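S.K.: Next come a sequence and a model predicted from it.
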Amino acid sequence: MYEPPRPTSLAAIASLLRVAAQGDGDLLSLLPRKAYRVDAGWLGYSRRSILIVNAPHLLRDVLTDPLDVFPKSDLMVGALEPLVGNSIFVSSGTVWRRQRRMIEPSFSHMRLNKAFASMTAAVDDYESRLDELAASGGHFSLDLAMSHLTADIICRTVFSTSLKSQTAIDVFEAFTVFERTCAQVELRRLIFDPPFTEIPQHADVLAACERIRHHLGDLIDTHLPAGSSAWDDIAAEIIEARDLESGAGFSRKELLDQLGVMFLAGHETTASALTWAFFILSMQPGLVERVRAEVHSIAGDGPLELEQVRRMTLVRNVFRESMRLYPPIPFIPRVAAEAAKIGQYSVKKGAMIMIAPWTIHRHRDYWRNPHAFDPDRFSSEREHELVAGTYLPFGLGPRTCIGAGFATLEATLILARLIRRYDLVVRDSHKVRPVARLTIRPQQQLMAIVSRRRAGREGAAA
């Protein structure tokens, strides 16, 4: 059974020395061997102390958190604030609850039905781009391709406009700068800084955030003068949203924060998962043929309709298994706002509580062959194997990702469409290594060659 690339598990000191030697701030390489085995336990030495929690009965208390004892980590909030402000992704308590109530209706079942046409149009356009690449035979970045496509879908569904290529590239490059250099991923701060220390950001990070927010501000401003009645999209619904108690809507800055989260989290996380899914499929031609057979049995060679995509269980399970092995958000850090108890562990105020989908999804007590890619583990025949509370690509509890249904539908459509039509070969596949800062990406962009699928063709495909 195929095992995609991952860091070798080492003892705590060896893991720390490895990351120091690599110099790339990879948090996956920092995880010690014990992190994959314990229900909960302290991780190494840190002035703030870090407790990793894997057991579902323990992490559920942290993530549901009805008393607001475990808000989002101050380290993460400080790192993300220049990009997304005090938005739904980082806010806590009454502020978060107000934001969630106002935004949630925009991702209803009805809105997904409307969004599907925009998703399809974006894939139509991107297939034209892939046809050109197939004809030329040149290499292209799979990471950038998935980022461009998912960003275009977000633009069409949120703002009713397609994304210009140069804007997509600029946002991709700016987000790469932000992710690689924001202060959250500096080992010195993680280990030596005390809790609630103010985090000064690097000038290039602040400049990257400004570039991204400038592009998003331009998109928001297209909606503000005319009012929501001129548009039928997610942005219009959020502009129109009102707080039930005060009757107030979001200010322009709040709109920029909230829609910024949707744009960046909504396209970057899905792009990360799709990049890994296509890479894994490129290594498994037999699985590709199974996926193509399912797509053909449901839709033939015709257009893919919404209800057909929803019936593609194998395609969806390929995405789910990709999210298990490479959860786009590998860590969900919380901070103890006061002294508390988690199981047998007493945590002091300021301690970091690390919920890590990366380790939970690979824990040997919860998953058979945890490092192997096996989409059939999510099939109805094997659903009895799944342990409740151990699959967290979208989080758990009241803060479950508001766009989970959107992302799953979008990814299933993209996988089905592109697998049916194209063959993909990734260059230097043996050198691929995942790293984690804010999301999980390949250490180097995946360069690939795409070609139009030919019936009966053998070899790697996606």
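M.R.: Good, I have the coordinates.
S.K.: Verify the stated contact: I52 with P357.
M.R.: No. Between I52 and P357 there is no contact, the gap being 11.7 Å when judged by CB atoms under 8 Å. In short, each C-beta sits where N, CA and C put it, glycine included.
S.K.: What residues does the nearest residue to S346 once chain neighbours are set aside make contact with?
M.R.: The shortest distance from S346 to any non-neighbouring residue, by CB to CB, 6 or more residues apart in numbering, is to A339 (7.2 Å). For A339, the contacting residues are S346, V347, K348, K349, by CB atoms under 8 Å, 6 or more residues apart in numbering.
S.K.: which of those residues lies closest to H371?
M.R.: Among those, V347 lies closest to H371 (CB to CB), at 29.9 Å.
S.K.: Is that closest one in contact with I50, as I believe?
M.R.: No. Contact criterion CB under 8 Å: V347 and I50 do not qualify, at 9.9 Å.
S.K.: I449 should be in a helix, yeah?
M.R.: No. Assignment of I449 by DSSP: H, G, I helix; E, B strand; the rest coil gives strand, placing it outside any helix.
S.K.: ok, V347 and I50, which is more surrounded?
M.R.: Neighbours per residue, other CB atoms under 10 Å: of V347 and I50, the larger number sits with V347, 21 against 18.
S.K.: For the closest residue to that one other than its chain neighbours, give me its contacts.
M.R.: Nearest non-adjacent residue to V347, counting by CB to CB, 6+ apart: A336, 4.8 Å away. Applying CB under 8 Å, 6+ apart, we find A336 in contact with V69, F70, V347, K348, K349, G350, A351, I353.
S.K.: mind listing which of those residues are in strands?
M.R.: Counting by DSSP state E, the part of the contacts of A336 found in strands is V347, I353.
S.K.: Buried ones among the contacts of A336?
M.R.: Buried subset of the contacts of A336 (neighbour count, 16 or more other CB atoms under 10 Å): V69, F70, V347, G350, A351, I353.
S.K.: okay but the fourth one is in contact with D193, surely?
M.R.: No. At 10.6 Å, G350 and D193 do not qualify as touching, with contact defined as CB under 8 Å.
S.K.: what is in contact with these two at once?
M.R.: With CB under 8 Å, 6+ apart as the test, G350 and D193 both reach R48.
S.K.: could you dump stretch 35-48 to CSV, C-alpha only?
M.R.: Taking C-alpha atoms only, stretch 35-48 is exported to CSV below (Å, rounded to 0.1, in the frame of the first residue of the first chain):
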residue,chain,number,x,y,z
ALA,A,35,3.7,13.1,19.6
TYR,A,36,2.3,10.3,17.4
ARG,A,37,1.8,7.9,20.2
VAL,A,38,0.4,9.6,23.3
ASP,A,39,-3.2,10.5,24.3
ALA,A,40,-1.7,13.7,25.7
GLY,A,41,1.7,14.8,26.8
TRP,A,42,4.1,17.7,27.3
LEU,A,43,6.3,18.5,24.3
GLY,A,44,9.9,19.3,25.1
TYR,A,45,10.9,22.5,26.9
SER,A,46,9.2,25.8,26.4
ARG,A,47,8.8,28.9,28.6
ARG,A,48,5.1,28.7,27.9
